[in-house]
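In: structure for the following, please:
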Amino acid sequence: MTITSSQNPQVITHYQVYPQSQTLIDQHQNRHNQGLSKWFYLIRSYISRGSPREALLAYTQIRRTGLHHLGVVVPLVFKACAFLSSHSFGKALHAESVKAGVDCEVMIGTSLLDMYAKCGNVVDSRKVFDYMPARNVVTWNAMIGGYLRNEDTISASVLFEEMSMRNAVTWIEMIDGFAKCGDTITARQLFNRVPAELKNVVTWTVMVDGYTRNGEIETAREVFEEMPLRNFFAWSSMIYGYCKKGDVKEAKAIFDKIPDRNLVNWNTLITGYVQNGFCEEALEAFRKMRADAFEPDEVTIASVLSACAQLVLLDAGKEIHCMIHRKSIPANVFVLNGLVDMYAKCGELAIARSVFERITEKNTTCWNAMISGYATHGQCKEALEFFGRMESSNKRPDYITFLSVLSACSHGGFVNKGIEIFSKMEKYGLKVGIKHYGCLVDLLGRAGRLKEAYDLIKSMPMKPNDTVWTAMLGACWNYLDREMTVEIVKESTLDLSSVTTNDSVYILLSHIYAASDGWEKAQRIRMAMLSEGLEKTPGCSCIIPSSTKKRLSALY
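Out: This is a model prediction of the structure:
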């Protein structure tokens, strides 16, 4: 056996290795391989469970143990980097691969360029692709997918036409990529070009899904009906498409036709119900799902918590919370956000805050749930406090954040603070919407600054809607400012024909004139309401019967 001297790598000595020594070497090698195999399966299991951060931590531990073999685990670690968009970690691992001389291996090179593309660095991805001495069809598919993921359809098409051999995945990448970029025409042209032997159920499903994602539900239905074979994803895609369109009835009809349902189908229906406001139907579907022996996952739980939040069913929400612990359902970001939102909407702000504080990585949705909860329940100072904490955490507020904070300022009477916060929208690169203007008009109006509110309406870049006028006239009513009301109507800024769907504007005008002895004008407003076919909406309270609450809470 030839051994290299550890003292001088250049000196090679030849000597007889005795059987006992060979056995020790083999045992050492076996232990090394077993240890490496253990880490490989551990990292792979973390990734398959959706825990890429733990996979990266496991890799750093491998390096400390000395059981380090880049060719075995690097493709998996690149996958974890791509999932987390951890460009810096991936780049460091790329450098290690170059030093070890394994970066040119096909599997590692393919994983590397895929990582760069998923991190948004398609330029480096292409450099890796061009540098590789050997490529297989998976490498080409990864590069094409990288271009399409970054919406570079031209480069993807050029590469596609250069391919000498394509497989089913190649066609699927192209069809799916163009559909996700909104170009269903090119996606369909590619679909029609797929060789018969490569057009499988996934190819058909991707085309159906492309149409539903782009709101072309009728065309999706045509392709769906032509499918020689349907998988569960094709059925779910159609349910999603009809729910997105708002046609929940047809979505349920599609669901009822599924010959063999799975959890994904149930989740799609339940989520569709919730997103369209059919929360009671969502909870009923959840009950039937469990009756059919399907156990909920994180997606199910997040949707059901949202239904409980919208219906303000605290008891049902608490039962779901217990279920999460009892069945060891992973509390991912969506589940935790759902819990915070449910407790906040149900008025249990202390519990909501307790859950919130235990979340290590809080996203914008999580912050919004707390801010909105405090604002809705009149705890305006706490809402502003959380907004300040959100800014300090370097988490960017969004459209919804500012609506909640402005509403809190309006109800709490924090006029100057509200104006200051409103001006921050430009700083965060957010376009001010009509709802934000409505909040500011309401804020100024409640403070009696009617002229400023009216001037703001006149300076708005868009046409005022019902909500804005209702806030303005509500302020006029509170302060019995008939002159301001007359000015609004006189300048014809208030176009009653544009708000005929909302009786509140007419009612406010009538009240203002009546309160200031303008009985003739008040009567004229009433007659205008009648001519438009409007009636005053009677006040009512919504009380959920105890029998209904028990039925909705019977989730086990």
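In: measure E361 to M370 for me?
Out: When distance is defined by Cβ to Cβ, to the nearest Å, E361 is 15 Å away from M370. To be clear about C-beta, it is placed using only N, CA and C from the backbone, and glycine gets the same treatment.
In: which one of those two is surrounded by more residues?
Out: M370 (28 against 9; other Cβ atoms under 10 Å).
In: just checking, what packs against the helix or strand containing V340?
Out: Element membership of V340, judged by DSSP states H and E, is helix 333-345. Helices and strands touching helix 333-345, as assessed by 3 or more Cβ pairs under 8 Å, 6 or more residues apart in numbering; DSSP states H and E, comprise helix 298-311, helix 314-326, helix 349-358, helix 364-376.
In: now mean pLDDT and distance to E487 too, for those, in a markdown table please.
Out: Formatted as a markdown table, these follow (pLDDT from 0 to 100; distance: least, Cβ to Cβ, whole Å):
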| stretch | mean pLDDT | distance to E487 |
| --- | --- | --- |
| helix 298-311 | 97 | 40 |
| helix 314-326 | 95 | 47 |
| helix 349-358 | 96 | 42 |
| helix 364-376 | 95 | 32 |
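In: closest one to A117 among these?
Out: Nearest to A117 among the helices and strands packed on helix 333-345 is helix 364-376; the distance by Cβ to Cβ comes to 25.6 Å.
In: mind listing what's buried along that closest one?
Out: Buried residues in helix 364-376, counted by 16 or more other Cβ atoms under 10 Å: 365-376.
In: same check, this time on stretch 216-231
Out: By neighbour count with 16+ other Cβ under 10 Å, stretch 216-231 contains the buried residues 216-217, 219-221, 223-224, 230.
In: do stretch 106-120 as well
Out: The neighbour-count check on stretch 106-120 (16+ other Cβ under 10 Å) flags 108-119 as buried.
In: closest to V333 among those?
Out: Closest approach to V333 among the buried residues of stretch 106-120 (Cβ to Cβ): K118, at 19.1 Å.
In: name the SS class of P397, please.
Out: coil (DSSP: H, G, I helix; E, B strand; the rest coil).
In: distance of it relative to K118?
Out: Distance from P397 to K118, by Cβ to Cβ: 27 Å.
In: T364 too?
Out: Using Cβ to Cβ, T364 is found at 22 Å from K118.
In: any idea how many residues pack against N192?
Out: N192 has 9 nearby residues by other Cβ under 10 Å.
In: let me see the contact set for it.
Out: Applying Cβ atoms under 8 Å, 6 or more residues apart in numbering to N192 gives no contacts.
In: quick check: the gap between the closest residue to N332 other than its chain neighbours and K345.
Out: For N332, ignoring the flanking residues on the chain, the nearest one in space by Cβ to Cβ, 6 or more residues apart in numbering is E298 at 5.1 Å. From E298 across to K345, the span is 20 Å (Cβ to Cβ).
In: and the two? which has more neighbours close in?
Out: The neighbour comparison of E298 against K345 (other Cβ under 10 Å) goes to K345, with 25 against 19.
In: quick one: contacts for the more buried one?
Out: 309-310, 312, 373, 376.
In: one more time with 10 Å
Out: 305-306, 308-314, 317, 352, 369, 372-373, 376-377 (Cβ atoms under 10 Å, 6 or more residues apart in numbering).
In: of the residues you listed, select the buried ones using a PyMOL command.
Out: Here is the PyMOL command that picks out the buried ones among these, judged by 16+ other Cβ under 10 Å:
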select buried, resi 305+306+308+309+310+311+313+314+317+352+369+372+373+376+377
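In: nearest to E483, of the contacts of K345?
Out: When the contacts of K345 are compared against E483 (criterion: Cβ to Cβ), the nearest one is T376, at 34.3 Å.
In: show me the contacts for the closest residue in space to G445 that isn't next to it in sequence.
Out: In this structure, G445 finds its nearest non-sequential neighbour in A475, 2.7 Å apart by Cβ to Cβ, 6+ apart. Neighbouring residues of A475 by Cβ under 10 Å, 6+ apart: 441-450, 453-454, 481, 484, 508.
In: can you pick the most crowded of those?
Out: For these, neighbours tallied by other Cβ under 10 Å; top is L443, 30 neighbours.
In: picking up where we left off before, and the helix holding V340, how far from the chain's centre?
Out: In this view, helix 333-345 has its centroid 14 Å away from the chain centroid, taken as Cα atoms, centre = their mean, to the nearest Å.
In: ok and it relative to helix 314-326, angle-wise?
Out: 150 degrees (axes from the mean of the first three to the mean of the last three Cα atoms, to 10 degrees).
In: in helix 333-345, what counts as buried?
Out: Neighbour-count burial for helix 333-345, counted by 16+ other Cβ under 10 Å, picks out 333-345.
In: so where's this structure shaky on pLDDT?
Out: Applying pLDDT under 70 to the chain flags the ranges 1-37, 39, 64-72, 486, 488-556.
In: now do the strands in this protein.
Out: In the chain, the segments counted as strands under DSSP state E are 2-4, 12-14.
In: count the residues that sit near the closest residue in space to G448 that isn't next to it in sequence.
Out: Closest residue to G448 apart from its sequence neighbours, by Cβ to Cβ, 6+ apart: Y479 at 5.7 Å. Neighbour count of Y479, defined by other Cβ under 10 Å: 14.
In: now Y479, what are its backbone angles?
Out: phi -100, psi 10 (degrees, to the nearest 10).
In: who touches it in this structure?
Out: By Cβ under 10 Å, 6+ apart, the contact list for Y479 reads 445-446, 448, 450, 512.
In: the nearest residue to S372 once chain neighbours are set aside: neighbour count?
Out: Distances taken as Cβ to Cβ, 6+ apart place S404 nearest to S372, at 4.2 Å, with adjacent residues excluded. Other residues near S404 come to 24 when the count uses other Cβ under 10 Å.
In: likewise the one 10 residues further on?
Out: The number of residues packed near F414 is 21, by other Cβ under 10 Å.
In: can you tell me how far it is from A369?
Out: Taken as Cβ to Cβ, the span from F414 to A369 is 21 Å.
In: kindly report the same for L406.
Out: With Cβ to Cβ as the criterion, L406 and A369 are 17 Å apart.
In: re the thing from before, I'd like the buried residues of helix 364-376 written out as a markdown table, with distance to T184 added.
Out: Converted to a markdown table, these look like this (distance: Cβ to Cβ, whole Å):
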| residue | distance to T184 |
| --- | --- |
| T365 | 30 |
| C366 | 35 |
| W367 | 36 |
| N368 | 33 |
| A369 | 35 |
| M370 | 39 |
| I371 | 38 |
| S372 | 36 |
| G373 | 40 |
| Y374 | 43 |
| A375 | 41 |
| T376 | 40 |
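In: which one of those is nearest to D256?
Out: Nearest to D256 among those, counting by Cβ to Cβ, is T365 at 32.3 Å.
In: do I have it right that that closest one meets M390?
Out: No: using Cβ atoms under 10 Å, T365 makes no contact with M390, being 11.6 Å away.
In: R213 and G182 touch, don't they?
Out: Yes: contact criterion Cβ under 10 Å: R213 and G182 qualify, at 9.0 Å.
In: the two - which one has more neighbours?
Out: Using other Cβ under 10 Å as the criterion, R213 and G182 rank with R213 on top: 18 against 12.
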